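> pasting a predicted model and its sequence here:
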Amino acid sequence: EVQVTESGGGLVPAGGSLRLSCEASGVNFDEYPIGWFRQAPGKEREGVSCINSAARTPVYADSVKGRFTISSNNAKNTVYLDMDRLKPEDTAIYYCVARIFCLPDYMDANSFSSWGQGTQVTVSS
């Protein structure tokens, strides 16, 4: 059974930074892509960033490029999302999702994906 657990959300002023962590068990990071999605109230779910399992190439949404950095520690089965220069529009629940589609121009969950419970990120203006 795949289990995904996020941590690290919180309240931060605009321009600040946060690090989200995602620990996953029951899934091999070398075989399956893993990434971060977010959903704000009244908005559609958005793919934020993911790591392609084959080339370990990071993928970013245009809205976060240059501000967010995804990384992984395969020995710990943990993925991190470092978020810098946060904006109020980054406010959302952030979900870590394992076993997703992660391509340079496409990122989405599928029926085999495993979701964490989500962690709230709030950026005050």
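Noted; the coordinates are in hand. Small disclaimer: the values here were computed from a predicted structure and weren't measured. Residues are numbered from 1 along each chain as shown.

> my guess is Ser25 contacts Gln3. True?
Yes. Contact criterion Cβ atoms under 8 Å: Ser25 and Gln3 qualify, at 4.9 Å. All C-beta atoms are positioned from the backbone trio N, CA, C, and that covers glycine.

> quick check: the gap between the residue positioned nearest the centre of the chain and Ser125.
Centrality entry for the chain: nearest residue to the mean C-alpha point is Trp36, 1.9 Å, by Cα atoms, centre = their mean. Taking Cβ to Cβ, to the nearest Å as the measure, Trp36 falls 23 Å from Ser125.

> residue contacts, the closest residue in space to Ser114 that isn't next to it in sequence?
Distance criterion Cβ to Cβ, 6 or more residues apart in numbering; nearest residue to Ser114, sequence neighbours excluded, is Val2 at 3.9 Å. Neighbouring residues of Val2 by Cβ atoms under 8 Å, 6 or more residues apart in numbering: 24-27, 98-99, 114.

> lovely, talk soon.
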